[in-house]
Structure formats: C-alpha cells, structure tokens
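Participant: Structure here, sequence nowhere to be found:
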C-alpha cells in the first residue's frame, strides 16, 4: 500500500527552501517528520510513554545523531560503528532541549524521547539549524501535552546583510553566528558568537530570526491540520491542595523574606531556609507528613521563590544583600602554578575558576570528525565541574553535557581574540573550584588572564557576566540582576550570559522563561550587562595589563619555517631517521605539514632551548641550500682524496662538494696537500652541474689570477672519444 504523504514547504529566499514531510517513515512513533533542505535530510521521531514516573521532573531525552553514511563515509575506530555522541552532536541536543523542556506541563512526568538523525548530508546546509524545527514539527503530530509550536534558526551577517541559516562558507566570513529558538509570540533561547557587535545589533539579529521562526511555525500548523490533529492525551497530574498551599505560604513567606533581606552567605542562608522547612514539617502530625510531605515541600519552595522575588521587586535587594546592578567582590592572580605554560585564578564572590594554558604544535590540534564537518581546532577550551565545587559528593561518570556546553560557550567567547598568526595550538582548561553563580563566565575571565600570562598575544582581553531578570506582568515591575547567584538562576524569568571586550560582544547564551518579553527590557538588560562586564574587565586588567612579551622560560618556543616540497623527504630521511635523530639531538619537536595552496612544506619547531631550535633551523638551511652559479662561497676542507678535496659550505653545514685536484691551482698539482689541508677554509666559485661529469663543479683556481705566460692545455679526450678515434683509424686501414 502506497503511504499517504503530507508535505509543507518553507521559502528561505535566495532559491533555498525547507520542506517538512510526514506519513512515509517511522509511523509507529507518536510523531515523525522528515525535514529537508537541499540534499540534507533529518528524520525526527518523538515517543512518550503513557505511564507517569514517580519523579518531580520531566524525564525528557533529546538525542541528535549524525550517521556517517549520510555523507558516504565510514565511522572511525576498530568497530566501524557510530558510538558515543561527539561534542558537536551534544551541543545540538542542548540547543533543542533548552527550548522544548519548558513547554511541557510541570506535572507531566512520562518518559519522553526526541530522536533527531541526520540521514543525508549536504555540504551547503548546516543540519543543526533545522533540528529544533524537526523536533517541534514531530511533536505537533503527536498527542503530547505541549504548550505551543516552536522553531530554531541560525542567523549570520555577511557584508552587513542578515542571513537565515547561512552556509558554512558564508558563516566563515560572517560577523555573527547565532541560533535563536522561539515560539510565535516569545523568544526563548539565544546562543552564539559575534565579532564585537553592539547590544542593538544583537537585538536586531534576534528580531530578524524571530520573523523567520514565525513562518516556520505557520508551516508546522498547516502540516498538523492536513495530517489531522490528535486529541491531547489525558494523564494523572500532581495532586493539588489549595488550602494546604495557603497555609504553608502563611507559615513560610514572612520568615523567608526576613532571611533573604538579611543578606547572608550561601551556607548560612541554606541552613536558615532548611530550618524553616523543617519547622513547617514538624508542625504537622506524623500521619499528615507521611501523606503530604511531597506537597508540603513543593508549596514551601513556591513560597520561598515568591518571597525572594518580591524582595527584589519591592526593595531592590538580593539574597546576599547586593543591589540589582552590583557585582560581587573580585580577586585575581596569575602565574599561580609554576610548571604550567600559563595559569590564573579568578574568584568572584563564591565562584572560583583556576585556568591553565598549554602550548603545542599542530599535532596537538583538536580533530573534529563528524559526518557534517571535518576539521581541526588549534584553539580549544575544556571545562571541568567537579562535585566538591558545590560541596557535594557524587561519582564522576565522564564529561557531562553541561560541562561540554559551558566549555563551548567560553571557547567561543575567547577564540576570536586569539591572533591569526599565533603559531601554537593552544589548550585552555578551566577547573571550577567553587560555584555559586556562573562558573562559565568565571572561566572566560580566568581563561583570558591565563592566556595573557602564557604570552599568547591576545588581540583584546575578554570578560563575561551572568545576568538575571525578575518581572511581574501584572504590576509591570521588573529588575535586571547583575552577576546572579545560583539561587537567582532558578527563580528568575531569564538568565543570560554575555561576554565581550571593551568594544563589543563576543558570545552570549540566553534562556528566557517569561512569555512576551519586550525588546525594550532585553536591550536594557544587555546594556546593564555591558556595565558589569566592563567593571569585571577592569579587574582583569589591573591584575595583568597586557600579554607577557614572551612565553615562560620552561614553556616551548615555537618557530616556523617553510621549505620547498622537494626537500621534505630529505628532512624526514629514510624511515624518519633524519628527523628523529635531529629531534633527539636538539631536544625539540618537529612537525612538517604540506600547504596545498603554496605547495610548500611548513616546518614547526617546538623547544624550550633556543640553541636547539637554532640547530634545527641550521639543518633546514643546510638541506635546502642551493648555491648560485657564478657566486663565490667560503668552504672548509673536511676530507682529502687522491683526486681532490671534499669541501663543506660554511653557510650550509652538511652540504658537501668535491673540489677536483685540477681545480685547485693553475699550476699542475701533484699532491692535493701541496695546496690545501684538512680544516683549511678557502673560497671557491660555483659553476653548477658539469656537462661532462654530470656532477656539481667548484673551482679554487677560477678566482685566482692566471700566472704570467700560462698556456691552456688542450682538453683531455675521455675514454669514450678515444675508443671512437681508434675504431675510425682501423676502418681507414682496412
């Protein structure tokens, strides 16, 4: 039976379009779509179990995978099978998850899975920009309790022109790279990097993206209507007790408000709030506690959240006593770790990050091998968030998705300020040692100082700040919070992180939880973030004003040299013998890469000893040395033979040539040692390749004056010519 297929098309302009199709594939899933642009095809399926889990959160899994067959390639590794997701795939999962999760009901606890797979790849289409569209379109065809359709687009700007879903080539020259997620009436998520753009330019790009998203949402609605909308499933939600909620609010609100207003530390505040909660629990009988403990705790959290928000909106005060635009105390230090190539500590309030920098050759570049992209990163940042930084004890089970996401944000913030001519591969590692408020922004700050301490000549220093928003739609009041605490991150209506230099924004990450946030509030929030960012930047510059002029004495120095491709083999030697011995003798690391554009070899020399680096450069000069015909060179006699002397060019040690006995002097030379001896330094003239011997020819006598009365002897005939003459004579006799 031929399946009935439903399809909608979205016009992107420039002759590009996106189609959404359903009815052909994966029909047992609760919703499935194929999203296609060019030859790029994504299959998205969604399934949600009908039984509710006994949890207090939504067990949602968003999975994005790229199949190597999509680009006609084999997976790497021994088993030739796709394995754990790459960092790029995880980042795409996070982009989709952050927009979908808030739109499910808070009391919906059924296990839900969204699977997005790249089935066909197109080099001109970046698939991650369509993942959010695919997920939402599939959900619209299901019976899930889901608030509204959303979509995501990427925005670039080339030559001042904003572009929706730019190609990879366009993105390479773009002034910004932002992914925006939104519903028809609200922007919900923003993430990206920029080349020092202004706050107004950033908001303009968000508006441009939102207009395109509305078009994609309309297409989803048309597809769902044509396919036939399903009735939203019924589920057993959480029990509610309005009378109990009111009672707990009355018991908790004023006490929480008073503690919040006192402005205490995280630990003191936590202990005081816990005491209130325990006091409320103790006020109930044992039977009541057993029956309603979960509800009591839930209503207490609501009362706590309301009290803290009201304190900020009514009095402009925060949990730790600060005003809304105040940044916590900061102290910094560089060169803390004696053996690293660069290090720094950044401490802001109760958040602390220790950053290290390691310098290496192109061999240490981070290799990216995905079906949609192959390449390498010569600057990358890794972020570690151990449990002790929040006073917890839990097992470490590899790098979390959160760590990958936060590290990527910090990397994007800094990478634009790494100079293009930086010869090193640079790795930054941030160890979060304390956390109460954005550790990713602390990573940006500590990373900046560690890079400058390492002698990386950053174009400009970068700082970052985490911001929050508390608003009340009924009263119209709102408060923008600078340098938010961990608690404020959870109770606010928006949290966003902004990084940049003194001249503009370099990266951002926003999660907007309130509907219909006005662009006016967004602009004001970004401007307040700029003031806080510049305040933090001043603290960094006070600690280290500019990059160190050179790398540390124990850090490797990098020198690059170019050689013609024809000499690469000579430098490597048979089986790598020459280069291995050279590295051992000079205590350096030598890496050779071929430049396909210039067709030259690029030699990277890494070493801590300048003498060793100089020795390698001398060896390269020696191997690539080409004397010029007619020039005179200084040479040293290194070997005496019966028929001449072997000499070595002083400008290129190791380059040897035979100085024939007949070229030593104008007079007849019986013994070579009558003219030169071992170790003598003399001048010779270079004549190029001798046509008779097919070997290089040099001469000492050519630069000496001819003796008076000297008569040139006739040239000797070689054996070949003599044999020909004898045969001709024999023929004449016959």
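Facilitator: Received it, and whenever you're ready, just let me know what you need. The structure presented is a predicted model; accordingly, all values stated were derived computationally and were not measured.
Participant: so where's the chain shaky on pLDDT?
Facilitator: 712-734 (pLDDT under 70).
Participant: Which strand or helix spans residue 182?
Facilitator: Residue 182 is part of strand 176-183 when elements are defined by DSSP states H and E.
Participant: Start from the N-terminal end of the stretch 51-200 of the chain and give the strands.
Facilitator: 60-66, 110-120, 150-158, 161-164, 176-183, 187-197 (DSSP state E, counting those that start in this stretch).
Participant: Please produce JSON lines containing those strands, extended by distance to residue 403 and mean neighbour count.
Facilitator: Yep, even glycine has a C-beta here, placed from its N, CA and C like the rest. Converted to JSON lines, those look like this (distance: least, CB to CB, whole Å; neighbours: other CB atoms under 10 Å):
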{"stretch": "strand 60-66", "distance to residue 403": "17", "mean neighbour count": "19"}
{"stretch": "strand 110-120", "distance to residue 403": "22", "mean neighbour count": "21"}
{"stretch": "strand 150-158", "distance to residue 403": "23", "mean neighbour count": "25"}
{"stretch": "strand 161-164", "distance to residue 403": "31", "mean neighbour count": "18"}
{"stretch": "strand 176-183", "distance to residue 403": "20", "mean neighbour count": "24"}
{"stretch": "strand 187-197", "distance to residue 403": "16", "mean neighbour count": "22"}
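Participant: Can you tell me which of those is nearest to residue 2?
Facilitator: strand 110-120 (20.9 Å; CB to CB).
Participant: relative to strand 60-66, how tilted is that closest one?
Facilitator: Angle, strand 110-120 to strand 60-66, by axes from the mean of the first three to the mean of the last three CA atoms, to 10 degrees: 10 degrees.
Participant: For strand 110-120, name the packing helices and strands.
Facilitator: In terms of contacts (3 or more CB pairs under 8 Å, 6 or more residues apart in numbering; DSSP states H and E), strand 110-120 is packed against strand 40-52, strand 60-66, helix 87-100, helix 131-140.
Participant: cutoff 10 Å now
Facilitator: Packing partners of strand 110-120 (3 or more CB pairs under 10 Å, 6 or more residues apart in numbering; DSSP states H and E): strand 31-37, strand 40-52, strand 60-66, helix 87-100, helix 131-140.
Participant: Neighbours of residue 160, how many?
Facilitator: 6 (other CB atoms under 10 Å).
Participant: Verify the contact between it and residue 176 for me.
Facilitator: No: here residue 160 lies out of contact with residue 176, judged by CB atoms under 10 Å, at a distance of 11.4 Å.
Participant: any idea how far the nearest residue to residue 528 once chain neighbours are set aside lies from residue 202?
Facilitator: Excluding its sequence neighbours, the residue lying closest to residue 528 (CB to CB, 6 or more residues apart in numbering) is residue 480, at 4.9 Å. Using CB to CB, to the nearest Å, residue 480 is found at 16 Å from residue 202.
Participant: Likewise for residue 139?
Facilitator: 29 Å.
Participant: These two: which is more packed in?
Facilitator: Per other CB under 10 Å, whichever of residue 139 and residue 202 has more neighbours is residue 139, with 26 against 22.
Participant: tell me the contacts of that one?
Facilitator: With contact set as CB atoms under 10 Å, 6 or more residues apart in numbering, residue 139 has these partners: 30-31, 33, 44, 46, 48, 100, 103-104, 112, 114, 146, 149-150, 220, 224.
Participant: Can you tell me which of those is nearest residue 357?
Facilitator: Within these, the smallest distance to residue 357 is 36.9 Å, found for residue 100 (CB to CB).
Participant: Can you report how many residues neighbour that closest one?
Facilitator: For residue 100, the neighbour count with other CB under 10 Å is 23.
Participant: just residue 529 next, same as before
Facilitator: Counted with other CB under 10 Å, residue 529 comes out at 26.
Participant: same thing with residue 382?
Facilitator: The burial count for residue 382: 19, using other CB under 10 Å.
Participant: how close does it get to residue 682?
Facilitator: Distance of residue 382 to residue 682, given as CB to CB: 59 Å.
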